[in-house]
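Undergrad: sequence-free structure coming up:
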Ligand code: ADP
Ligand code: ZN
């Protein structure tokens, strides 16, 4: 109990927060009681606090092992801003800087030291740790220790040796956002955690809103999305390097500051673009999935997928880079049928690279990847609640309605599609009887009566139904086909040119004359609701409408301060903190301290300046 109070006081004093988020208090309590912990929390849930608060409460030094040099620097800058004595030791330091840092570390001048795993067993670092009292070792991105995970780092395997060699065993905490059961088992075993307290918080990120759009012109749609977000920072993910270059060019031409990031670029260019993004010198990062683990920018307000990723795991991880500071953020997927084809192609191509697999293994893997792609495609085409879909996909229970995703906000109407469904099915059946099959769009064009090359090909086989659905748009016929496929009444073949096929259910369906209805979006309303939703927090439905002018003034001050200090802006204050300032309009230092994200140190450093902007505005 006493411990809980101490941690809560530290949380306010240093970090300026009044409440722990789910999972934080429990894991902190366990560590303070001397028990190892293994924490799996989604990105943005607040893992750092789980080890930074106990680090402040424990008598000795806390070592944080982290794989990413760029992250260490930002984390340490952020801690210094909070008034926590912290340092990092990695290869980015010059020999002189490293020596100074080591000397200070040996004198126990730091409370928290970030260290790269490959440094742990070096003679120089060993000399330091022999002189200090290590209270806790926190292993960040702990999944890097497992070969089953995505980002295996052999140097993580040294962590256990390092801990064993310490004169007194410290408490050990392992933290990660992604861990399957297998990876969790590896973390426990390879880090030699001692009966750890295991904590997995839910996958839901209430401040993220999800939406899928299927525009004809993706770039046009992207520009529409950006238009309402002039001040915001965001990521646009594309499937290929070519698309990255293309979209970056189009955005720059339209007057946006955008930078590219993909594996085909020179290291220096990539690093520069990443830093420009981190420091808000460019607002939009256009990237392939190579832009990954190194980003913990707190103020990413939107993640747009220009192409659909190949599975839900990738999608959720990438979309999850939005809204880390807890502010409302949008995750928008721009879907087109071509994305499915492109992913199929990429899956086939990547399987050719698996030379070390037997043909059976390869076939199995291919099948699995196609299955995952199918579930991703369902997400992109479902009319059900998107948040619910995601949560159920990751094995959690979810309600059918979240009230904040694109589908929940979209009003659908149910329309009868019996005639179209029956025409479609009988057309596919007739063609099958003549040993022919065609793709979805060709059949739709044929039924609609379009004079296209593909419709002509079908006409050459059977002309009876040509134009029989002339009043139904081609796209709607395709939609009906999709719903029939979902219902299992129709199927698509695998392969490069997927064609429509009958299933065992097709015939009974036709014979019974079964009715068929589909849900279609009502036009007009969705757009308005969507705009409202953009400024509204989700989950507890807090209104996030803030005074835009004051918010802009505070943001300008933050930009100036960040430039002076050569820090990323969100390290001074996050958007969430600025928003809370707008809501509270503090007048005194005392009131300023109540703002979420204002601790004592930041109060001293920046309080006067922010208070004077607020005062000038309020008077
Ligand atoms: P993770 O490492 O889990 O991805 P971070 O530790 O970077 O997440 O935290 C994400 C954001 O949430 C940071 O801006 C952090 O300051 C904020 N945060 C963490 N805990 C709390 C809390 N209890 N109250 C308010 N904000 C918090
Ligand atoms: Zn929903």
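TA: Sure thing, it's come through. Everything numeric here is computed off the predicted structure, so don't read it as measured data. Numbering: from 1, shown residues only. Ligands and ions are numbered 1, 2, ... in the order given.
Undergrad: quick check: residue 602 vs ligand 2, distance?
TA: Taking C-beta to the ion, to the nearest Å as the measure, residue 602 falls 36 Å from ligand 2. Quick note: C-beta positions are derived from backbone N, CA and C, even for glycine.
Undergrad: give me the phi and psi for that residue.
TA: phi -70, psi -30 (degrees, to the nearest 10).
Undergrad: help me confirm that it comes into contact with residue 571.
TA: No. Between residue 602 and residue 571 there is no contact under C-beta atoms under 8 Å: 10.2 Å.
Undergrad: report the distance from stretch 55-71 to the chain centre.
TA: Distance of stretch 55-71 from its chain centroid, counting by C-alpha atoms, centre = their mean, to the nearest Å, is 24 Å.
Undergrad: which of the residues in that stretch are buried?
TA: Of all the residues in stretch 55-71, those buried under the rule 16 or more other C-beta atoms under 10 Å are 55-58, 61-68, 70-71.
Undergrad: what residues of the strand or helix carrying residue 478 count as buried?
TA: Per DSSP states H and E: residue 478 is located in helix 474-486. For helix 474-486, burial by neighbour count (16+ other C-beta under 10 Å) applies to 474, 476-485.
Undergrad: pipe these into a markdown table and attach distance to ligand 2 and pLDDT per row.
TA: Formatted as a markdown table, the buried residues of helix 474-486 follow (distance: C-beta to the ion, whole Å; pLDDT from 0 to 100):
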| residue | distance to ligand 2 | pLDDT |
| --- | --- | --- |
| 474 | 29 | 86 |
| 476 | 24 | 86 |
| 477 | 27 | 91 |
| 478 | 24 | 89 |
| 479 | 20 | 86 |
| 480 | 24 | 91 |
| 481 | 25 | 92 |
| 482 | 20 | 87 |
| 483 | 19 | 88 |
| 484 | 24 | 91 |
| 485 | 23 | 89 |
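Undergrad: could you measure from residue 303 over to residue 278?
TA: 16 Å (C-beta to C-beta, to the nearest Å).
Undergrad: cool, and residue 346?
TA: 29 Å.
Undergrad: who's more crowded, these two?
TA: residue 278 (21 against 15; other C-beta atoms under 10 Å).
Undergrad: quick one, grab the pLDDT at the residue nearest to that one when sequence neighbours are not counted.
TA: With sequence-adjacent residues excluded and distances taken as C-beta to C-beta, 6 or more residues apart in numbering, residue 278 is closest to residue 568, at 5.2 Å. Note on residue 568: pLDDT of 89.
Undergrad: now swap in residue 2 and tell me
TA: At residue 2, pLDDT is 59.
Undergrad: let the chain start at 398 from now.
TA: Sounds good: first residue 398 from here, last item residue 399.
Undergrad: who in the chain is up against ligand 2?
TA: By C-beta under 5 Å from the ion, the residues of the chain that approach ligand 2 are 782, 784, 799, 802, 805.
Undergrad: among these, which one lies nearest to residue 815?
TA: Closest to residue 815 out of the residues of the chain next to ligand 2 is residue 782 (26.3 Å), distances taken as C-beta to C-beta.
Undergrad: any idea how far that closest one lies from residue 611?
TA: 18 Å.
Undergrad: the two: which is more packed in?
TA: Shown here are residue 782 and residue 611; by other C-beta under 10 Å, residue 782 has more neighbours (22 against 16).
Undergrad: tell me how far the more buried one lies from residue 598.
TA: To residue 598, residue 782 is 21 Å away according to C-beta to C-beta.
Undergrad: isn't residue 1000 up against residue 991?
TA: No. Residue 1000 lies out of contact with residue 991 (C-beta under 8 Å); the separation is 10.3 Å.
Undergrad: looking at these two, which is more packed in?
TA: For residue 1000 versus residue 991, the count of surrounding residues by other C-beta under 10 Å is larger for residue 1000: 19 against 14.
Undergrad: what helix or strand is that one on?
TA: According to DSSP H and E, residue 1000 maps onto helix 997-1015.
Undergrad: what do you get for residue 772?
TA: Secondary structure (DSSP H and E) places residue 772 in helix 756-778.
Undergrad: what angle separates that helix from helix 871-883?
TA: 130 degrees (axes from the mean of the first three to the mean of the last three C-alpha atoms, to 10 degrees).
Undergrad: for helix 756-778, packing partners?
TA: When contacts are defined as 3 or more C-beta pairs under 8 Å, 6 or more residues apart in numbering; DSSP states H and E, helix 756-778 sits against strand 605-610, helix 709-716, helix 734-749, helix 783-790, helix 871-883.
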